[in-house]
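# Just need the structure, nothing else, for what follows:
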Amino acid sequence: RLNRQLTDQGDVSSNMQDVFQNVMQQGNTFGDSPRNRADWAEDLEFDLTDAREETVDYLWYVGDYPSYDDRNKRVARSLATILQEADVSFGILFEDEKYDGNDVRRVGEEFLYVELAGHHVETWEECEFDTIVCTDPHSYNTFANEYPEVDFAEFADDPMMPFDYTDQWNADGEIDVLHWTQAVEELVQDGRLGLEGTELEYTVTYHDPCHLGRYNDEYEAPRDLIEATGCDLFEMPRNRADSFCCGGGGGGLWMEFDEEPKPSEERLREALEETDAGSAVEKFVVACPMCMTMYEDGRKTGDFEDDLEIVDVAELIVEALETDGTVDVNEERRNR
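Residues are numbered from 1 along each chain as shown. Model (predicted):
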């Protein structure tokens, strides 16, 4: 409530004001055109299904950073490749996908959040699908736990709300909402990707994202997928429910902090100095676009660029598929 009051008064940073403006005008935090939302998929060797026009099993909510940020676009292409190789029916919303609203709500922009929620549930109602799959744990948390709590009827007569939806969406939990690691874990267990668990030999550690771990108690799916590639996983001392936040959530991605060292730098230092593998850790594995962004930044500012690589779980899986010949290595690298 305090954040809402401060936001209503205009007492937020100029960076956050810019984010609000971008979302209101363009439907995303980058201020980029909605028409460009699926441009990340142009380098794929296959076409993505339009979930507004065809029935799909998985309605994939890609998210802002995987759609517009160059580093996270690589993760989106990796996940698309995984779903394609698993031969599952999936589609996206193209320009009808907007920002999920999670972090602007945390900062206090409640009405913008409701506007975004109304747009999405109204769009989903026009689609035929079984499960919503999210790239970003923030989207997963918002769709699974918070959209069902919105009383859309309360806003039915508000001329500022550009939706006509008046029901309480998914109040009975009939629609499954999954983070992508949960969906792909099921596919791996069913043998849909043909992984043997011996493809890769990297020494890695894994960072639990707040909105997947502490908020939703999902710790095993990402770890199971990492181990399914053959990687040797070493835990950091702060893991699972005791994991240390990357600093990107709750609007932190767009705010300036004077804290030294940055949370991302401290976490990378911990990975290299306090895991049982120590400096032998080659890859710092994430499962969240915000974590990817924060740790790629921390890797540069903390001078860790020569020490380890930041990778998403999806990128490890695609590399494992490349190793066993399932995916064209050269084509996938061109996509990067």
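
# tell me the secondary structure for L316?
Following DSSP: H, G, I helix; E, B strand; the rest coil, L316 is assigned to helix.

# I'd say it and I226 touch.
Yes - counting by CB atoms under 8 Å, L316 sits close enough to I226 to count as a contact (6.3 Å). Backbone N, C-alpha and C define where each C-beta goes, glycine included.

# what's the overlap in contacts for the two?
V204, V285 (CB atoms under 8 Å, 6 or more residues apart in numbering).

# Low-confidence ranges, this structure, go.
Where the chain drops to pLDDT under 70, the residues are 1-13, 252, 257-258, 328-336.

# would you list every one of the helices in the stretch 51-200 of the chain?
Along the stretch 51-200 of the chain, the stretches classed as helices by DSSP state H, counting those that start in this stretch are 64-68, 70-85, 102-107, 110-125, 137-141, 180-189.

# So which other helices or strands are in contact with the last one?
Meaning helix 180-189. Other elements packing on helix 180-189 under the criterion 3 or more CB pairs under 8 Å, 6 or more residues apart in numbering; DSSP states H and E are helix 70-85, strand 129-134, helix 220-228, helix 313-323.

# Of those, which is nearest I175?
Closest to I175 of the helices and strands packed on helix 180-189 is strand 129-134 (CB to CB; 6.5 Å).

# Relative to that closest one, what are the paired strands and their orientations?
In the sheet, strand 129-134 lines up against strand 56-61 (parallel), strand 176-179 (parallel) (DSSP bridges).

# Deepest in the core, which of these is it.
Sort the strands paired with strand 129-134 by mean neighbour count, taking mean count of other CB atoms under 10 Å, and strand 56-61 sits at the top with a mean of 22.

# Distance to E305 added to the strands paired with strand 129-134, as CSV?
Formatted as CSV, the strands paired with strand 129-134 follow (distance: least, CB to CB, whole Å):
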stretch, distance to E305
strand 56-61, 32
strand 176-179, 29
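
# so which of the ones you listed comes closest to N145?
strand 176-179 (8.7 Å).

# In this structure L268 contacts G302, no?
Yes - L268 is within contact range of G302, at 5.8 Å (criterion: CB under 8 Å).

# between those two, which one's more packed in?
The residue with more neighbours, out of L268 and G302, is L268; 26 against 18, by other CB atoms under 10 Å.

# immediately after the strand or helix carrying that one, which helix or strand?
Take DSSP states H and E as the rule and L268 turns out to sit in helix 263-273. Following helix 263-273 in sequence order, the next helix or strand is strand 283-286 (DSSP H and E).

# Just the C-alphas of the helix or strand just after that next one, formatted as CSV.
Next helix or strand after strand 283-286 toward the C-terminus (DSSP H and E): helix 289-301. Only the C-alpha atoms of helix 289-301 are listed here, as CSV (Å, rounded to 0.1, in the frame of the first residue of the first chain):
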residue,chain,number,x,y,z
PRO,A,289,15.4,-13.9,-17.6
MET,A,290,15.9,-11.3,-14.8
CYS,A,291,18.6,-13.4,-13.2
MET,A,292,20.3,-13.8,-16.6
THR,A,293,20.3,-10.0,-17.0
MET,A,294,21.5,-9.2,-13.5
TYR,A,295,24.3,-11.9,-13.6
GLU,A,296,25.5,-11.0,-17.0
ASP,A,297,25.9,-7.5,-15.7
GLY,A,298,27.6,-8.7,-12.5
ARG,A,299,29.9,-10.8,-14.5
LYS,A,300,31.2,-7.7,-16.3
THR,A,301,31.2,-5.2,-13.3
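
# Next, the buried residues of helix 289-301.
Within helix 289-301, the residues scored as buried using 16 or more other CB atoms under 10 Å are P289, M290, C291, M292, T293, M294, Y295, E296, D297, G298, R299.

# Export those to CSV and append columns for distance to P261.
Output for the buried residues of helix 289-301, formatted as CSV (distance: CB to CB, whole Å):
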residue, distance to P261
P289, 22
M290, 18
C291, 17
M292, 19
T293, 17
M294, 13
Y295, 13
E296, 16
D297, 12
G298, 8
R299, 12
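
# quick check, nearest of the residues you listed to P209?
Nearest member of these to P209, counting by CB to CB, is C291, at 5.3 Å.

# Contacts only, for that closest one.
Going by CB under 8 Å, 6+ apart, the list of residues near C291 reads H207, P209, C246, G248.

# what's the answer for D18, then?
Neighbours of D18 in contact, by CB under 8 Å, 6+ apart: G31, W254.

# C-terminal to whichever strand or helix holds it, which secondary structure element comes first?
Per DSSP H and E, D18 falls inside helix 14-26. Going down the chain from helix 14-26, the next helix or strand is strand 49-50, by DSSP H and E.

# ok, and the closest non-adjacent residue to the most centrally placed residue in the chain?
With distances taken as CA atoms, centre = their mean, D136 lies nearest the centre of the chain, 1.6 Å away. Distances taken as CB to CB, 6 or more residues apart in numbering place G63 nearest to D136, at 4.3 Å, with adjacent residues excluded.

# same thing with A80?
Using CB to CB, 6+ apart, the nearest residue to A80 is L44, at 5.8 Å.

# Wait, the one you found touches I82, no?
No - at 11.8 Å, L44 does not count as touching I82 under the criterion of CB under 8 Å.
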